[in-house]
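Enquirer: for reference, the sequence and a predicted model appear below.
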Amino acid sequence: MRKLVLVPTPIGHLADVTLRALEVLKEAEVVACEDTRRTAKLLRHYGIATPLVRVDQHTLERAERLLEEHDYVAYASDAGTPGISDPGAELVALALAKGFRVEVLPGPTAFVPALVASGLPTARFVFEGFLPTGRARKKRLEALAKEERTVVLYEAPHRLGRTLSALLEIYGPGHPVALARELSKKHEEIWRGSLGEAAERFAAPRGEFVIVLGPRELPEARPDVDSLARALAAEGLSGRALARALEAAGVPRNEARRWAYRKEEA
Ligand code: SAM
């Protein structure tokens, strides 16, 4: 069956490519890519000689021909996973319409390491990619300020200062934020702090950035009362002493007393 395989490529470190990605890049009849010079560097590094054809948002008509002339096409964007703030989605739609089987290899992308390294909640998050420009931007920012999930944004370095100022206006200076800079590269940095500090520190930054914003309200760090009370009781605490120890660990007074009382009864 004819197939199109989307191949994630390194976001910095050339070794961040999977064995399967290299296999596909080698076996495909042709590698369509966003920028032939960039992908050629990767292929050269791994001794792969598959022909490259440029296909980006300006040259999508070439994709049509490519899919007619070949049975096995690989696609790579400049960095990371195609289709994530990169061309790729249109090619997938075209290939599906032509009856191709479409495979997407798991692999590098910038937002996942940025989110996980941020130290902010990861259970629920929203990926917004690049913010829109013009009027749509303010509207989007206002919607984001109500977001109860962690928010992940991409931004170009020359716009980062302005974007942080806009976020500061909407969220306020104390809002938690992390900036993942130059992931997997020599100058990788994960900066964690408040929006006020970030706007000052990254007014004229260098490198590639992912912005991770905390949710509107961070879930309270609540101790696991049950395990804590059991551990304290095992150490011999009971009654008032147990209630006090629980309170000191952040358990509300009523709950601490209820626990201490229950332990006394047991
Ligand atoms: N397709 C890519 C992916 O899967 O992450 C994203 C491509 S998008 C055109 C480029 C943006 O991704 C940059 O402006 C930056 O926000 C983020 N990015 C890419 N590489 C990065 C890196 N090494 N460190 C931090 N951010 C990066």
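Expert: Thanks, I have the structure now.
Enquirer: and Leu179, its phi and psi?
Expert: Leu179 adopts backbone torsions of phi -120, psi 120, taken as degrees, to the nearest 10.
Enquirer: that one - how many residues pack around it?
Expert: 23 (other C-beta atoms under 10 Å). C-beta coordinates here come from the backbone N, C-alpha and C atoms, glycine included.
Enquirer: what sits against it?
Expert: Each residue near Leu179 by C-beta atoms under 8 Å, 6 or more residues apart in numbering is listed here: Glu189, Ile190, Trp191, Ala198, Phe202, Phe209, Val210, Ile211, Val212.
Enquirer: tell me the one of the residues you listed nearest the ligand?
Expert: Nearest to the ligand, judged by C-beta to the nearest ligand atom, of those is Val210 at 4.5 Å.
Enquirer: you'd agree that closest one is in a strand?
Expert: Yes - counting by DSSP: H, G, I helix; E, B strand; the rest coil, Val210 falls inside a strand.
Enquirer: and it, how far from Arg54?
Expert: Distance, Val210 to Arg54, by C-beta to C-beta, to the nearest Å: 26 Å.
Enquirer: of those two, which one has the most company?
Expert: Using other C-beta under 10 Å as the criterion, Val210 and Arg54 rank with Val210 on top: 25 against 14.
Enquirer: who in this structure is up against the ligand?
Expert: Contacts of the chain with the ligand, taken as C-beta under 6 Å from any ligand atom, map to 11-12, 77, 79-81, 84-86, 109-111, 154-156, 180, 182-185, 208-210.
Enquirer: and these, which of them are in strands?
Expert: Tyr154, Glu155, Ala180, Phe209, Val210 (DSSP state E).
Enquirer: which residues does Val104 bridge with?
Expert: On the basis of DSSP bridges, Val104 is bridged to Leu6.
Enquirer: let's check: the centremost residue of this protein is which one?
Expert: Of all residues in the chain, the one closest to the mean position by C-alpha atoms, centre = their mean is Phe111, 1.8 Å from it.
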